[in-house]
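**Q** Could you look at this predicted model? Sequence included:
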Amino acid sequence: MIGRNLAGRRGIGTARPINTRKLREPPRTRFPAPEAGPEPVYDWVRGQERVTVRVREVVTEIVPIRRVRWQTAADERTCPECAPLHGRTWREDRPGPAPPLHVNCRCRVVPGPTEWQVRRVTAWRTRWITQPTWEWRRAGWQ
């Protein structure tokens, strides 16, 4: 011990010993001493990266609703079974009458008007986002 520290607690001159060993030795590190020669200098650099993210979102879909129409020959020989069905429409995916309904039936099913239905559906989508990143990059040599 070479000297005493007189800066005490609460302004009272309490003496504390100073460890002189800490003054003589270099600070210890857990890394080995650098070798002779230039060594790289690294710096904390901000970069950007693109990341894909799966997002569940509400999506608007436009769906066609196809319809079919019953068409008769539309003359005086049209039978009483087919006459009430003339011009009637129904959805293509739902069951309806199929011609021929009887012997010598001259009716047929033709494509009808198509409706467009707008509906909202939740779906998983892949989105690209750009986010900042921090990384170590070699800035030069020392």
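**A** Received, thanks.

**Q** Surely P100 is within a strand?
**A** No. Assessed with DSSP: H, G, I helix; E, B strand; the rest coil, P100 is coil; it does not lie in a strand.

**Q** for the lengthiest strand in the chain, packing partners?
**A** In the chain, ranked by residue count with DSSP state E as the criterion, the top strand is strand 108-141. Applying 3 or more CB pairs under 8 Å, 6 or more residues apart in numbering; DSSP states H and E, we find strand 108-141 packed against strand 40-71. For glycine as for every other residue, the C-beta is placed from the backbone atoms N, C-alpha and C.

**Q** for the strand it packs on, what is the average pLDDT?
**A** Strand 40-71 carries an average pLDDT of 83.

**Q** helices or strands up against whichever helix or strand comes after that strand?
**A** Next helix or strand after strand 40-71 toward the C-terminus (DSSP states H and E): strand 89-91. Contacts defined by 3+ CB pairs under 8 Å, 6+ apart place strand 89-91 against strand 40-71.

**Q** how big is the angle separating the strand it packs on from strand 108-141?
**A** Counting by axes from the mean of the first three to the mean of the last three CA atoms, to 10 degrees, strand 40-71 lies at 180 degrees to strand 108-141.

**Q** wait, H102 sits on C79?
**A** Yes. At 6.6 Å, H102 counts as touching C79 under the criterion of CB atoms under 8 Å.

**Q** any weak-confidence spans in the chain?
**A** 1-38, 140-142 (pLDDT under 70).

**Q** Contacts only, for the most centrally placed residue in the chain.
**A** The structure's the chain has its C-alpha centroid closest to R54; by CA atoms, centre = their mean the separation is 2.7 Å. The neighbours of R54, taking CB atoms under 8 Å, 6 or more residues apart in numbering as the test, are 124-127.

**Q** And V63, by the same measure?
**A** 116-119 are the contacts of V63 under CB under 8 Å, 6+ apart.

**Q** what sits opposite it in the beta ladder?
**A** Beta-bridge partners recorded for V63 (DSSP bridges): Q117.
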